[in-house]
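**Q** this one's structure only:
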């Protein structure tokens, strides 16, 4: 269990965090690794804060990542990165889509969207990589492919072969959306040189 | 072949492999995907029933007809299904029958945290609980064998974490089974008192046999440190395995419990601990059997456990917690949600709103703040009738609000009650043409079966007229002025009335009008448009703007702007 790679995927309901976790699951299958995923469906999909857990290794028990033990937190939104940074282990890395989505208390003016999120993360001692995933996804053909861009960045960071990542995307994505997702994956993979 | 599978998918696969012929369910998080995946296998007949009681009755009938049958629901669904369940426990089965229930500790998507294990005990039916996808498939298949061997329905219990986790599953072939003939036998199948008395004896007898059997395939012992022995089950078993080095007794058959095997395990360790979510179901049975143990005094009754919480409760080792001061991100109605405008009007009219179960329960949250009660499926209409008959000062200000699928589930009988008992209140059916909250399941009013096949479409207007509602009105949920006018008229009207507010779920529509925009010259920043709580309208840096990524051009906000500052997109 000690060799497990723990990834927490966080974002806003509707951003495609589930698909991202399924691509990672497919990659684990291709690599012949044990894997467990945990998703939450239902009410939390409706624009709320969503969390998906991915654990890959040789003998995984719990399907959820323990706070303080995540190797990577894949944040689809900046505020969510700040909210879930405490899941990182001391040398863990946050991958952040450089996008802000206003939550309801901010929209209605009750709360303010935190300023200088990157400064706060640095002050807290977290290692992070900011990715213009929305821009890269749009260039690849659709704003909806933010998830595959981020998977591309993560794949590169973890030392995964590009061919494995692409095979995983092919296994997890509907044929209709395959081309644009492969382009997005490539953009993410090539981003972190 | 090994495949990474959601536990809910593995349950569907298990039904397929077990040779199940009939599956009938009502959607409910976290159980919904079982039936959706089951519908992908052509060898099985799969349906959405209008509620869990109907689903269970269909499964009982299919079992009597000699085929294997299954019904799936969330924990609160068993409350609705309890009537057939308790007596099907008496009749027993012909073809195997399994009721799959998914509990929701921590209430990710539910109104309570009830523990369905008590249903197994009080209905006297066996219950199995798997810990991961592979075990879910195996247990489900064995549940059908047990059902036939012991002549009883069997329950399979999941929780949110087990139902919505993925792990590897070994795929096997389907075993086709010839239907058994239905043999007429009043003493088995007609539960009137004389026959039921005879069957009750059989229920007791089979439970004793199953209890005595303590089937080894449904528990195992992992010998580790002898200082502590932990009895656990389901998803929690995985946490215990990671969080401790204690010896583990993993329970697979939750009811009846293998008490003697646990007693033996208890004798092998210094201290026995029971680690189970929700109620002390196992703990109390062990104590009643004279086995000393601790459980709830350590772990408590609330919420869902995790590796971190087990470690903290047992050893005081704390995992990090979020220290960032960040605004919450509660779930919200989507941009373009047809419920939004209706709730805006109900709030504006300061009505007393009896709500129901669905996406629209979110109408209770600010800024819409227009839902005052919510209990269970279908309850909105009954509660409004209660305000009416209590002669509450709020009676002429009370409305019930219910979705189309929920109305069909258990709202109809409430309206019949109002008509029959000369009620005077108003029900608003939020007809968004789908079962929304659980992720878009078809229902009798959508004109499509679970397979997508076209079928008869329940006409809500004619239905309401047929059951005696004098005033049935249909409004466009996006037209605020019309909604307001009709609601005002109908609450003033002293007869039973139903307003059907129509517009499909915004996620159902695939093509939208262009996004709206703000004319900053005209906008005086009065922020009236923010009062509908649309996630596409933001107030940032002292300016109102419309998020073009999210706006679906529903036009509700434009109706709120007195300065004509909101423009249609082009």
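**A** Perfect, thanks for sending it. Please read these numbers as outputs of a predicted model, since none were measured by experiment. Numbering: from 1, shown residues only, chains lettered A, B, ... in the order given.

**Q** residues of the least confident helix or strand in chain A by mean pLDDT that come out buried?
**A** Across the helices and strands of chain A, mean pLDDT, DSSP states H and E gives its lowest value to helix A:104-107, namely a mean of 88. Within helix A:104-107, the residues that count as buried by 16 or more other Cβ atoms under 10 Å in any protein chain shown are A:104-107. Using the backbone N, CA and C atoms, a C-beta is placed for each residue, glycine as well.

**Q** so which of those comes closest to residue B:273?
**A** Looking at those and their distance to residue B:273, the nearest is residue A:105, at 40.9 Å (Cβ to Cβ).

**Q** Enumerate every residue touching that closest one.
**A** By Cβ atoms under 8 Å, 6 or more residues apart in numbering or on different chains, residue A:105 lies in contact with A:111, B:327-328, B:330.

**Q** mind running it again at 6 Å?
**A** Going by Cβ atoms under 6 Å, 6 or more residues apart in numbering or on different chains, residue A:105 touches A:111, B:327.

**Q** OK, contacts around the residue positioned nearest the centre of chain A?
**A** Against the mean C-alpha coordinate of chain A, by Cα atoms, centre = their mean, the closest residue is residue A:74 at 3.1 Å. Contact analysis of residue A:74 by Cβ under 6 Å, 6+ apart lists A:9, A:95, A:150, A:154.

**Q** Now distance to residue A:88 too, for these, in a markdown table please.
**A** Putting the contacts of residue A:74 into a markdown table (distance: Cβ to Cβ, whole Å) gives the following:
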| residue | distance to residue A:88 |
| --- | --- |
| A:9 | 13 |
| A:95 | 11 |
| A:150 | 16 |
| A:154 | 14 |
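
**Q** List the ones among those that fall in strands.
**A** A:9, A:95 (DSSP state E).

**Q** So which of the contacts of residue A:74 reach chain B?
**A** Near chain B, taking Cβ under 6 Å from any Cβ of the partner chain as the test, no member of these is found.

**Q** Out of the contacts of residue A:74, which comes closest to chain B?
**A** residue A:9 (13.2 Å; Cβ to the nearest Cβ).

**Q** Closest one to residue B:467 out of the contacts of residue A:74, please.
**A** The closest of the contacts of residue A:74, once distances to residue B:467 are taken by Cβ to Cβ, is residue A:9, at 47.8 Å.

**Q** Tell me the confidence at the closest one?
**A** As predicted, residue A:9 sits at a pLDDT of 97.

**Q** what sits opposite it in the beta ladder?
**A** The partner list for residue A:9 in beta bridges (DSSP bridges) reads residue A:52, residue A:74.

**Q** now the helices for chain A?
**A** Counting by DSSP state H, chain A has helices at residues A:17-30, A:78-84, A:104-107, A:117-123, A:133-140, A:146-157, A:162-172, A:178-191.

**Q** Compare the mean pLDDT across these and name the weakest.
**A** Comparing mean pLDDT over the helices of chain A, the weakest stretch is helix A:104-107, at a mean of 88.

**Q** got the residues of chain B near chain A?
**A** B:4, B:29, B:108-109, B:164-167, B:238-239, B:241-242, B:306-308, B:319-320, B:322, B:324, B:326-327, B:329-332, B:367, B:530, B:535, B:538-539.

**Q** and residue B:474, what element?
**A** Taking DSSP states H and E as the criterion, residue B:474 maps to strand B:471-476.

**Q** Strand partners (parallel or antiparallel) of that strand?
**A** strand B:497-502 (parallel).

**Q** And the contacts of the partner strand?
**A** Contacts of strand B:497-502 (Cβ under 6 Å, 6+ apart): B:342, B:426-431, B:460, B:464, B:469, B:471-475, B:477, B:486, B:490.

**Q** sorry, back to before: which one among the contacts of residue A:74 gets closest to residue A:29?
**A** residue A:154 (16.6 Å).

**Q** Spit out the contact partners of the closest one.
**A** For residue A:154, counting by Cβ under 6 Å, 6+ apart, the contacting residues are A:74, A:95.

**Q** Show me which residues of chain A sit near chain B.
**A** A:25, A:29, A:36-44, A:46-49, A:61-64, A:66-68, A:79, A:82-83, A:86, A:102-109, A:111, A:114.

**Q** Of these, which qualify as buried by neighbour count?
**A** A:25, A:29, A:36-44, A:46-49, A:61-64, A:66-68, A:79, A:82-83, A:86, A:102-108, A:111, A:114.

**Q** ok, and for the lengthiest strand in chain B, which residues are buried?
**A** When chain B is parsed with DSSP E, its longest strand is strand B:225-233. By neighbour count on 16+ other Cβ under 10 Å, the buried set for strand B:225-233 is B:228-233.

**Q** cool, and stretch B:542-550?
**A** Neighbour-count burial for stretch B:542-550, counted by 16+ other Cβ under 10 Å, picks out B:544-547, B:550.

**Q** same check, this time on stretch B:287-305
**A** B:291, B:293, B:295, B:299, B:304-305.

**Q** Next step: the residues you listed restricted to helices.
**A** Filtering the buried residues of stretch B:287-305 for helices - DSSP H - leaves residue B:299.

**Q** Most widely separated two among the buried residues of stretch B:287-305?
**A** Taking Cβ to Cβ, no two of those sit farther apart than B:291 and B:304, at 25.8 Å.

**Q** Not including adjacent chain positions, what is the nearest residue to residue 49?
**A** Since you didn't name a chain, this refers to chain A. Among residues not flanking residue A:49 along the chain, residue B:329 sits closest, at 4.1 Å (Cβ to Cβ, 6 or more residues apart in numbering or on different chains).

**Q** oops, I was thinking of chain B
**A** Counting by Cβ to Cβ, 6+ apart, the residue nearest residue B:49 is residue B:55, at 3.9 Å.

**Q** how much space between that neighbour and residue B:529?
**A** 43 Å (Cβ to Cβ, to the nearest Å).

**Q** ok, residue B:266 - contacts?
**A** B:272, B:291.

**Q** Can you verify it is assigned to a helix?
**A** Yes. According to DSSP: H, G, I helix; E, B strand; the rest coil, residue B:266 belongs to a helix.

**Q** Could I get the pLDDT score of it?
**A** 98.

**Q** Relative to residue A:74, how far out is it?
**A** Counting by Cβ to Cβ - residue B:266 and residue A:74 are separated by 44 Å.

**Q** And residue B:357, by the same measure?
**A** 33 Å.

**Q** one step back: I'd like the buried residues of stretch B:542-550 as CSV, with secondary structure, pLDDT and distance to residue B:51 appended.
**A** CSV is the format used below for the buried residues of stretch B:542-550 (DSSP: H, G, I helix; E, B strand; the rest coil; pLDDT from 0 to 100; distance: Cβ to Cβ, whole Å):
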residue, secondary structure, pLDDT, distance to residue B:51
B:544, strand, 93, 43
B:545, strand, 92, 44
B:546, strand, 95, 40
B:547, coil, 89, 38
B:550, coil, 87, 34
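
**Q** Specify which member of those is nearest to residue A:57.
**A** Nearest member of the buried residues of stretch B:542-550 to residue A:57, counting by Cβ to Cβ, is residue B:550, at 37.7 Å.

**Q** give the contact list for residue B:129.
**A** Contact partners of residue B:129, counting by Cβ under 6 Å, 6+ apart, are B:157, B:233-234, B:254.

**Q** Which of those residues ranks first by neighbour count?
**A** The residue in these with the most neighbours, by other Cβ atoms under 10 Å in any protein chain shown, is residue B:233 (29 neighbours).

**Q** Not counting sequence-adjacent ones, nearest residue to it?
**A** residue B:251 (4.2 Å).

**Q** ok, the one you found - how many residues close by?
**A** When neighbours are counted by other Cβ under 10 Å, residue B:251 comes out with 25.

**Q** where along the stretch 451-570 of chain B do the helices fall?
**A** B:460-466, B:480-492 (DSSP state H, counting those that start in this stretch).

**Q** From the opening residue of stretch B:474-487 to its closing one, how far?
**A** Terminal residues of stretch B:474-487 lie 11 Å apart, using Cα to Cα, to the nearest Å.

**Q** swap that for stretch B:418-438, sorry
**A** Terminal-residue distance, stretch B:418-438 (Cα to Cα): 29 Å.

**Q** Noted, bye for now.
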